[in-house]
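Chemist: A structural model of the following input is requested.
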Amino acid sequence: MPEPPPTGRQLLASLLDDPSLIEVADDEDLLAAGLNSGDIIRLALAIEELTGEALDDKALSRLYTVDGLDEVLAERLPGTADRSG
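Modeler: You can find the predicted model right below:
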């Protein structure tokens, strides 16, 4: 059985060097919490690699919260809907 797709929080955790940044509220702005633009780019690239498709401007604009990450993943990967991280 294949492994389920990651949640936004799991993807975030896998890419960050500072684990304390994972402890943000789902709707908290990730840049205000301490991520930088390079981290957001890494998230975007990881999602593009997982899905095999480029993210459009609308999707890129939602990568700034865990909720937004979950929405983008759910739209592009089967099995991520109705999961919380």
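
Chemist: name the element residue 11 belongs to?
Modeler: Element membership of residue 11, judged by DSSP states H and E, is helix 8-15.

Chemist: identify the residues contacting the next helix or strand after that helix?
Modeler: Using DSSP H and E, the helix or strand that follows helix 8-15 in sequence is helix 37-51. With contact meaning Cβ atoms under 8 Å, 6 or more residues apart in numbering, helix 37-51 is reached by 5-6, 11-12, 14-16, 30-31, 54-55, 59-60, 63-64, 69, 72-73, 76-77. C-beta: built from backbone N, CA, C; applies to glycine.

Chemist: which parts of helix 37-51 are buried?
Modeler: 39, 42-44, 46-47, 51 (16 or more other Cβ atoms under 10 Å).

Chemist: and that helix, C-alpha only, in CSV?
Modeler: Output of helix 37-51 as CSV, limited to C-alpha atoms (Å, rounded to 0.1, in the frame of the first residue of the first chain):
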residue,chain,number,x,y,z
SER,A,37,11.2,33.6,1.2
GLY,A,38,13.7,30.8,0.5
ASP,A,39,11.7,28.5,2.7
ILE,A,40,8.5,29.4,0.8
ILE,A,41,10.3,28.6,-2.5
ARG,A,42,11.4,25.3,-1.1
LEU,A,43,7.8,24.5,-0.2
ALA,A,44,6.6,25.4,-3.7
LEU,A,45,9.3,23.3,-5.3
ALA,A,46,8.5,20.3,-3.0
ILE,A,47,4.8,20.5,-3.9
GLU,A,48,5.7,20.8,-7.6
GLU,A,49,7.9,17.7,-7.3
LEU,A,50,5.2,15.8,-5.5
THR,A,51,2.5,16.7,-8.0
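
Chemist: hmm, which helix or strand of the protein has the shakiest average pLDDT?
Modeler: The weakest-scoring helix or strand in the chain, judged by mean pLDDT, DSSP states H and E, is helix 8-15 (a mean of 91).

Chemist: and it, what does it pack against?
Modeler: Contact partners of helix 8-15 among helices and strands, from 3 or more Cβ pairs under 8 Å, 6 or more residues apart in numbering; DSSP states H and E: helix 37-51, helix 66-76.

Chemist: noted, bye for now.
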